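A.B. asks: any chance you could fold what I've pasted below:
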Amino acid sequence: MPGSVDDRGVLPPPPSNTVSILPALAVLVIAVVTLGIFGLINLIDTSTTTIGAPVDVVGGLPVDTHPTVFTGWVVDGSPPSNITTGMIVPVGTTYLTGVAVGGGGAGGYDREVRLSINAPRAQLLGFYHAELQADGWNQFSSGHAQAGGAELLFLKAGSDGWYWEIGVVATSTGPARSPTTRFTYRLYQASDDD
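C.D. replies: Numbering: from 1, shown residues only. Purely as a prediction, here's the structure:
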């Protein structure tokens, strides 16, 4: 007889034919009905999303999507495309001069340019810190540059088998009422001992 105690005083387990899946079925039905209701609301709702303000910028300054300061830097696929994504400047960057660096990179690739922007040095360095790390560059050094100013150094493995380095040195900032920062951007192939 179900529910009776055996000789040892232990209640036997219920027979398997009394276990029901109806509670699980009820949960499934509620989930399907809820999904249907929200799907119907979505079909009926005709509101559209409009784009207002531009999206937030990772480094605080917007990226110049068509920089001319790197014109002529890509020759015969060098640097490779996963490295050229690091060739960025903020909007409003002004070209000052190219710098002859003498091919100091291990593979003979070494380019440097001097630039200027109407932004504080901290904001410029924050731009490069955020944007290059978001692009997969590893910041391996920061601090004071030998020639003065603040320096950030980044490293990334290129799809060509070389490691590449980017150095940004912000050398000066004008007065707080009109902060103009002069900076140097350098890209080169790193040697094995770098």
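A.B. asks: okay, CA-based contacts and neighbour counts for the rest of this
C.D. replies: Fine.
A.B. asks: so who does the one residue sitting closest to the centre of the chain touch?
C.D. replies: With distances taken as Cα atoms, centre = their mean, the chain has Ala134 as the residue nearest its mean C-alpha position (2.1 Å). Taking Cα atoms under 8 Å, 6 or more residues apart in numbering, we find Ala134 in contact with no residue.
A.B. asks: low pLDDT regions in the protein?
C.D. replies: By pLDDT under 70, the low-scoring segments of the chain are 1-3, 13-19, 46-59, 102-107, 192-194.
A.B. asks: what's the single longest helix in it?
C.D. replies: In the chain, assigned by DSSP state H, the helix with the most residues is helix 22-44.
A.B. asks: distance from the chain centre to that one, please.
C.D. replies: 38 Å (Cα atoms, centre = their mean, to the nearest Å).
A.B. asks: same question for stretch 111-125.
C.D. replies: Distance, centroid of stretch 111-125 to centroid of chain: 20 Å (Cα atoms, centre = their mean).
A.B. asks: list the buried residues of it.
C.D. replies: Judged by neighbour count (16 or more other Cα atoms under 10 Å), stretch 111-125 contains these buried residues: 111-121, 124-125.
A.B. asks: would JSON lines of the residues you listed with secondary structure and distance to Asp6 be doable?
C.D. replies: JSON lines is the format used below for the buried residues of stretch 111-125 (DSSP: H, G, I helix; E, B strand; the rest coil; distance: Cα to Cα, whole Å):
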{"residue": "Arg111", "secondary structure": "strand", "distance to Asp6": "89"}
{"residue": "Glu112", "secondary structure": "strand", "distance to Asp6": "90"}
{"residue": "Val113", "secondary structure": "strand", "distance to Asp6": "91"}
{"residue": "Arg114", "secondary structure": "strand", "distance to Asp6": "92"}
{"residue": "Leu115", "secondary structure": "strand", "distance to Asp6": "91"}
{"residue": "Ser116", "secondary structure": "strand", "distance to Asp6": "91"}
{"residue": "Ile117", "secondary structure": "strand", "distance to Asp6": "89"}
{"residue": "Asn118", "secondary structure": "coil", "distance to Asp6": "89"}
{"residue": "Ala119", "secondary structure": "coil", "distance to Asp6": "86"}
{"residue": "Pro120", "secondary structure": "coil", "distance to Asp6": "85"}
{"residue": "Arg121", "secondary structure": "helix", "distance to Asp6": "84"}
{"residue": "Leu124", "secondary structure": "helix", "distance to Asp6": "81"}
{"residue": "Leu125", "secondary structure": "helix", "distance to Asp6": "79"}
